[in-house]
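Colleague: Sequence below, structure please.
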Amino acid sequence: MAMSRKVTKAVFPVAGLGTRFLPATKSIPKEIMSLVDRPLIQYAIDEARAAGIEEFIFVTSRGKGALEDYFDSAPVLEATLKAKNKTDLLNVLQDTDMDSGAIAYIRQREALGLGHAVWCARRLLGNEPFAVILPDDVIAGKKPCLQQMVEAYENTGGNVVAAMEVPKEMTSSYGVLDIQEDMGALVSVKGMVEKPKAEDAPSNLAVIGRYILTPDVLKNLDDHSKGAGGEIQLTDAIAKEIDRSGVYGFRFEGQRYDCGSKSGYLQATVAFGLARDELRDEFLSFLNDIVALGKAAE
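Modeller: Now for the predicted structure:
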């Protein structure tokens with residue numbers, strides 16, 4: 001198979017209003033909300049870096065200034081930490097700094113859907129493959145999800161979408177794959193349906209927020225045709241590539257948390273809290289006490 005071109009650019013669609021998290025998101029972008037002590041966006045950036053991404057393109061909207069500030073240097077804070085000799089915290093901060101020019105911000109003026117958000121970045125993406133990461137989907141795994149996908153893409157080329165089995169009654173919340181051939185971690189795809197009813201879903205293999213896409217997908221978005229929910233759907237633009245450059249679903253290894261929902265966000269907070277050595281013992285005994293009290297109350 002021909003060598004695939006290296007993936008060095010990633011799009012982060014972060015224009016959403018985060019209404020499910022009001023009133024918190026009235027004044028801060030949802031992507032700045034933290035799991036333990038790191039914002040959701042930091043997990044996404046770290047995952048992209050691990051996969052070899054060098055250029056980070058944020059598709060934002062009005063009121064997202066805090067997101068832009070987050071990746072800037074913080075001279076007063078750094079000077080204070082230096083004066084107090086807090087080198088550990090200085091090192092933590094340095095992980096959040098991005099070089100000048102590494103991040104580009106593009107405005108999506110109206111919320112027309114995920115496909116439209118990605119299309120907004122077309123001039124910066126040019127004619128090369130690119131990744132899309134949805135920061136709402138936080139994936140904990142030994143090897144970062146996008147890195148797993150980049151390794152798979154090196155063998156497949158074409159388009160690769162992260163996929164996981166979901167309960168049949170949940171298919172109406174996802175793009176769902178119609179599987180041509182199941183090869184284990186990889187499946188070749190013969191169709192994609194956005195948000196099908198359970199009885200119409202071709203499988204229970206759902207697409208989640210990680211993609212490696214060919215530049216042809218951007219061209220497919222040029223016509224701005226609307227799909228499910230009256231939005232410009234990324235799924236539809238990818239599906240057009242099935243017979244051309246090929247589409248593959250990739251079953252990643254790791255636990256995905258839907259931090260776009262309150263329940264998923266709370267689950268992620270518990271999981272990431274327990275994964276921290278300095279917090280685990282105290283936090284675990286607290287959780288055990290709460291569970292025991294709940295059972296006693298029954």
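
Colleague: contacts and neighbour counts: CA atoms only from here.
Modeller: Fine.

Colleague: Assign a three-state SS to residue 16, would you?
Modeller: Assigned by DSSP: H, G, I helix; E, B strand; the rest coil, the conformation of residue 16 is coil.

Colleague: That one: neighbouring residues, count only.
Modeller: 20 (other Cα atoms under 10 Å).

Colleague: try residue 287
Modeller: 12.

Colleague: A strand includes it, no?
Modeller: No - going by three-state DSSP, the assignment for residue 287 is helix, not a strand.

Colleague: Could you report the distance from it to residue 294?
Modeller: To residue 294, residue 287 is 11 Å away according to Cα to Cα, to the nearest Å.

Colleague: Could you do residue 88 as well?
Modeller: Distance, residue 88 to residue 294, using Cα to Cα: 39 Å.

Colleague: Same question for residue 194.
Modeller: Distance, residue 194 to residue 294, using Cα to Cα: 40 Å.

Colleague: More neighbours: these two, which one.
Modeller: A count of neighbours by other Cα under 10 Å puts residue 194 above the other of residue 194 and residue 294, at 22 against 10.

Colleague: Could you list the residues in contact with the worst-scoring helix or strand of the chain on mean pLDDT?
Modeller: Lowest by mean pLDDT, DSSP states H and E among the helices and strands of the chain is helix 65-70, with a mean of 82. Contact with helix 65-70 is made by 28, 29, 31, 32, 96, as judged by Cα atoms under 8 Å, 6 or more residues apart in numbering.

Colleague: 10 Å instead, please
Modeller: Outside helix 65-70, the residues within contact range by Cα atoms under 10 Å, 6 or more residues apart in numbering are 14, 27-32, 39, 41-42, 58, 60, 72, 96-98, 103-105.

Colleague: Quick check: which helices or strands does the helix or strand just after that helix pack against?
Modeller: As assigned by DSSP states H and E, the chain's next helix or strand after helix 65-70 is helix 75-83. In terms of contacts (3 or more Cα pairs under 10 Å, 6 or more residues apart in numbering; DSSP states H and E), helix 75-83 is packed against helix 87-94.

Colleague: Show the subsequent helix or strand relative to the helix it packs on.
Modeller: Once the chain leaves helix 87-94, the next helix or strand it forms, by DSSP H and E, is strand 103-107.

Colleague: And the average pLDDT for that following strand is what?
Modeller: In this model, strand 103-107 carries a mean pLDDT of 87.

Colleague: what's that strand packed up against?
Modeller: In terms of contacts (3+ Cα pairs under 10 Å, 6+ apart), strand 103-107 is packed against strand 9-13, strand 55-60, helix 65-70.

Colleague: And the least confident helix or strand of the chain, how far out from the chain middle?
Modeller: What separates the centre of helix 65-70 from the centre of its chain is 18 Å, taken as Cα atoms, centre = their mean, to the nearest Å.
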